[in-house]
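Student: 3D, please:
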Amino acid sequence: MTEGLKASKLAEALNKAAENFVPKSKGTLAAQLEDPEVKEAIINMRRKGMTAVDIVAVLKTLGIETTPSSFNSTFGRILRKSKGGSDPKPKKERNVSKSADTAATTLGSPEGNASGSPKPSGSKAAKTSETPTAAKSAVNPAYRDRKSL
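Tutor: So this is what the prediction gives:
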């Protein structure tokens, strides 16, 4: 503590400031949008064709700062929750990329093949000195022997 400021005066000043404090925001965006009247008003705005940018502009005039992306994400979560759905957005199923599929089948591993069937017998086997399950390391073309090109 500084010499001129006593702890009791500091505590008194801080408590007085806390009593007079008016927060800039009245809560989180989600808390404000979850109110049934507000939610219904936003749904009506959407029905009339207003975009998130338009709605965010109206919210800004009312003192609520947000972005269209944040608004869409928050309001979408509120709507899913109110309809009895799960809180998080449903995850999409991921597809296996062709490069991962090709790499696994080139090495003779049927696990990477989407159908699970082995390679046709007419195809050439990969020329490697390593075991079929180990991945072949990529060599930078600048370092390869010129005779191998």
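Student: Lys48 - how many residues pack around it?
Tutor: 8 (other CB atoms under 10 Å). Every C-beta, even on glycine, is put in place using the N, C-alpha and C of the backbone.
Student: next, the contact list for Ala11, please.
Tutor: For Ala11, the contact set (CB atoms under 8 Å, 6 or more residues apart in numbering) is empty.
Student: same thing with Phe21?
Tutor: Counted by CB under 8 Å, 6+ apart, Phe21 has zero contacts.
Student: show me where pLDDT drops low in this protein?
Tutor: Counting by pLDDT under 70, the chain contains low-confidence ranges at 1-4, 22-26, 85-92, 96-137, 139-149.
Student: the helices in it, which residues?
Tutor: 7-20, 29-33, 36-47, 52-61, 68-82, 98-106 (DSSP state H).
Student: would TSV of the ones you listed with distance to Ala138 be doable?
Tutor: TSV is the format used below for the helices of the chain (distance: least, CB to CB, whole Å):
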stretch	distance to Ala138
helix 7-20	62
helix 29-33	47
helix 36-47	51
helix 52-61	45
helix 68-82	38
helix 98-106	11
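Student: buried stuff in stretch 10-30?
Tutor: Leu29 (16 or more other CB atoms under 10 Å).
Student: for that stretch, output the C-alpha coordinates as CSV.
Tutor: Extracted as CSV, the C-alpha positions of stretch 10-30 are listed here (Å, rounded to 0.1, in the frame of the first residue of the first chain):
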residue,chain,number,x,y,z
LEU,A,10,-9.5,2.2,-0.4
ALA,A,11,-12.1,-0.5,0.6
GLU,A,12,-14.8,2.2,1.1
ALA,A,13,-14.1,3.7,-2.3
LEU,A,14,-14.1,0.4,-4.1
ASN,A,15,-17.4,-0.7,-2.4
LYS,A,16,-19.0,2.7,-3.3
ALA,A,17,-17.8,2.2,-7.0
ALA,A,18,-19.3,-1.3,-7.0
GLU,A,19,-22.7,0.0,-5.8
ASN,A,20,-22.9,2.7,-8.5
PHE,A,21,-21.6,0.5,-11.3
VAL,A,22,-23.9,0.0,-14.2
PRO,A,23,-22.7,-2.8,-16.6
LYS,A,24,-22.5,-2.0,-20.3
SER,A,25,-24.2,-5.2,-21.1
LYS,A,26,-27.2,-6.7,-19.4
GLY,A,27,-25.8,-10.2,-19.8
THR,A,28,-24.6,-12.5,-22.5
LEU,A,29,-26.1,-12.4,-26.0
ALA,A,30,-27.6,-15.8,-25.4
